[in-house]
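Colleague: Generate a structure from the sequence data that follows.
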Amino acid sequence: MGERSKDLIKIINDDGFPLNIICFEITETVLSENLDFTNRIIETMHHNKFTVAIDDFGTGYSSLGYLKKLNADKLKVDRLFIKDYPESDDGSILQAIVKLAHELNIKVIVEGIETEIQKAYIKELGCEEYQGYFCSKPECIQDILALIKEYNSTPSSG
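Modeller: Presented below is the predicted three-dimensional model:
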């Protein structure tokens with residue numbers, strides 16, 4: 001593992017940030033370059049309590065073979081597989097991807113959710129997470145950190 005990765009882990013640890021909510025994303029392109037090296041990075045991330053997602057699944061030269069060989073926690077499915085649902089896409093490819101991931105005990109994040117209908121569909125499929133304008137527009141890191149700080153300082157109502 002490179003020094004820059006170790007530096008990043010140290011900075012995050014020193015800040016006292018809850019590590020289990022941080023998810024590192026590895027793109028398919030990186031996976032195809034060196035599977036053994038990628039697995040070593042994933043092992044290091046897991047050792048430090050981070051989760052790891054395979055990003056942009058389905059956009060490149062997807063190899064289903066590496067899904068079984070990797071120790072990734074999540075599969076982040078590209079918006080390509082939901083963007084036209086239900087108007088001109090019946091969702092069958094997304095359904096197959098989700099089923100495959102779950103058979104391999106990999107959680108699924110679907111990118112590009114923009115409508116209540118899309119959100120309901122992925123919930124029906126059992127997807128654990130989603131991203132998209134339906135949830136929030138992209139935010140800068142300062143705004144996200146402010147939200148986390150505000151959330152952590154608010155007393156729970158339970």
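Colleague: Name all residues that make contact with residue 98.
Modeller: 77, 108, 122, 125, 126, 127 (C-beta atoms under 8 Å, 6 or more residues apart in numbering). (Each C-beta comes from the backbone N, C-alpha and C, glycine too.)
Colleague: Report the two of these separated the most.
Modeller: 77 and 126 (12.7 Å; C-beta to C-beta).
Colleague: what's the overlap in contacts for the two?
Modeller: 98, 108.
Colleague: residues near residue 56, how many?
Modeller: Residues near residue 56, counting by other C-beta atoms under 10 Å, number 19.
Colleague: ignore the last one, residue 53
Modeller: Using other C-beta under 10 Å: residue 53 sits among 21 other residues.
Colleague: Output the lowest mean pLDDT helix or strand found in this protein.
Modeller: helix 3-14 (a mean of 69; mean pLDDT, DSSP states H and E).
Colleague: one step back: residue 77 and residue 126: which is more packed in?
Modeller: The neighbour comparison of residue 77 against residue 126 (other C-beta under 10 Å) goes to residue 77, with 27 against 13.
Colleague: Beta-bridge partners for the more buried one, please?
Modeller: When assigned by DSSP bridges, residue 77 has beta-bridge partners residue 57, residue 110.
Colleague: That one touches residue 57, doesn't it?
Modeller: Yes. Between residue 77 and residue 57 a contact is recorded at 5.2 Å, counting by C-beta atoms under 8 Å.
Colleague: overlap in contacts of those two?
Modeller: residue 97.
Colleague: Run through the strands of the chain in chain order.
Modeller: For the chain, the strands defined by DSSP state E cover 23-27, 51-57, 74-77, 107-110, 129-130.
Colleague: Save these as a markdown table, and put in mean pLDDT and distance to residue 96 too.
Modeller: Listed next are the strands of the chain as a markdown table, based on pLDDT from 0 to 100; distance: least, C-beta to C-beta, whole Å:
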| stretch | mean pLDDT | distance to residue 96 |
| --- | --- | --- |
| strand 23-27 | 86 | 21 |
| strand 51-57 | 88 | 12 |
| strand 74-77 | 93 | 11 |
| strand 107-110 | 96 | 12 |
| strand 129-130 | 95 | 18 |
